[in-house]
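1. Fold the following for me, if possible:
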Amino acid sequence: ACSLVYREPGRVAARQYRFTEAAAFQQKAVTTDPTDDIAKAELAFNLLRLGRTNEGRPLLEAAFSSDPFNVQAYNMLNVLDSLAG
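-> Numbering: from 1, shown residues only. Here you go, the predicted model:
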């Protein structure tokens, strides 16, 4: 779980509304451990907050596919679907 070294600072940055920095940390976490679905979901959320939907949605779908019990990912995918419709 070496990705945790990057994932946690990313989570802290996001709590302080520093979404660009948070996304950078989460990207490092995903690069370090491509199977870290929590980091994928958090990266997706931060990309969506930055308006980068085309990059964030596929990551969110991948994270939800691996963890179908992630309620936040499920809800955000539903919101994105309703906005697109």
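
2. and the closest residue to residue 23 other than its chain neighbours, what is it in contact with?
-> Once flanking residues are discounted, residue 23 sits nearest to residue 46: 4.0 Å by CB to CB, 6 or more residues apart in numbering. For every residue, glycine as well, the C-beta is placed using N, CA and C. Going by CB atoms under 8 Å, 6 or more residues apart in numbering, residue 46 touches 10, 14, 19, 22-23, 26, 56.

3. Highest neighbour count among those residues?
-> residue 26 (31 neighbours; other CB atoms under 10 Å).

4. What strand or helix carries the residue nearest to residue 23?
-> helix 37-49 (DSSP states H and E).

5. buried ones in that helix?
-> 37-48 (16 or more other CB atoms under 10 Å).

6. Check which helices and strands whichever helix or strand residue 80 is part of sits against.
-> Assessed by DSSP H and E, residue 80 sits inside helix 71-84. On a contact count with 3 or more CB pairs under 8 Å, 6 or more residues apart in numbering; DSSP states H and E, helix 71-84 meets helix 37-49, helix 53-66.
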